[in-house]
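K.L.:
Turn this into a model:
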Amino acid sequence: MRRKDRERDQEFAFMVVDKCEYAVLSMVDQKGKPYCIPISIVRENENIYFHCAKDGKKVELMRKCPNVCMTFVGNTYREKDKFTTKYESAIAYGIAQEVYLEEEKVIALRMLCERHTPTNMENFEKEIAKSLSKTAVWKVTIDSITGKCKE
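P.N.:
Purely as a prediction, here's the structure:
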């Protein structure tokens, strides 16, 4: 990290992960072309879970090369009288793997729903029964994570 004065510890980085509205998942294809996409996430310890369709570009790329990078943005504030922005961010590197065990998939999907739609949990079981077979769940095991903040 170039700006060591803005570097924060791992605890701060995980706090940003836990509060961000979404993350950006980045991958590289076989020709070295970058690809990134916003995803809804939830963290459990040093694992990030997300759901998606069973097919598509993101899935294809992760199956070929599971090394990924994720960006998370916490609070931001644009200064009105200065040319600067206050922010919190984190970047994580890790290995993506598809979750195949139904029990782990349901647990991950429950955590995702509790985080993103907590007021609709009474419909969770019905939705799982309807869509579990056509929903993929992926887990990114974090190898390294850094946090950054400009106050």
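K.L.:
what about the strands in this protein?
P.N.:
According to DSSP state E, the chain carries its strands in the segments 7-8, 23-28, 34-39, 42-44, 47-52, 67-78, 85-99, 136-150.
K.L.:
Out of these, which is closest to residue 111?
P.N.:
Set against residue 111 and scored by C-beta to C-beta, these come closest in strand 42-44, at 4.5 Å. C-beta here means a position set from N, CA and C on the backbone, and glycine is covered the same way.
K.L.:
what are the pairing partners of that closest one, and which direction each?
P.N.:
According to DSSP bridges, strand 42-44 forms sheet pairs with strand 47-52 (antiparallel).
K.L.:
which helices and strands sit right next to the longest helix anywhere in the chain?
P.N.:
Assignment by DSSP state H gives helix 102-116 as the longest helix of the chain. In terms of contacts (3 or more C-beta pairs under 8 Å, 6 or more residues apart in numbering; DSSP states H and E), helix 102-116 is packed against strand 42-44, strand 47-52, helix 124-131, strand 136-150.
K.L.:
sorry, back to before: tabulate the strands of the chain (JSON lines), appending distance to residue 117, mean neighbour count and mean pLDDT.
P.N.:
Formatted as JSON lines, the entries for the strands of the chain read as follows, by distance: least, C-beta to C-beta, whole Å; neighbours: other C-beta atoms under 10 Å; pLDDT from 0 to 100:
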{"stretch": "strand 7-8", "distance to residue 117": "29", "mean neighbour count": "16", "mean pLDDT": "70"}
{"stretch": "strand 23-28", "distance to residue 117": "17", "mean neighbour count": "20", "mean pLDDT": "97"}
{"stretch": "strand 34-39", "distance to residue 117": "15", "mean neighbour count": "13", "mean pLDDT": "97"}
{"stretch": "strand 42-44", "distance to residue 117": "12", "mean neighbour count": "17", "mean pLDDT": "98"}
{"stretch": "strand 47-52", "distance to residue 117": "12", "mean neighbour count": "20", "mean pLDDT": "98"}
{"stretch": "strand 67-78", "distance to residue 117": "19", "mean neighbour count": "17", "mean pLDDT": "92"}
{"stretch": "strand 85-99", "distance to residue 117": "20", "mean neighbour count": "18", "mean pLDDT": "93"}
{"stretch": "strand 136-150", "distance to residue 117": "16", "mean neighbour count": "18", "mean pLDDT": "94"}
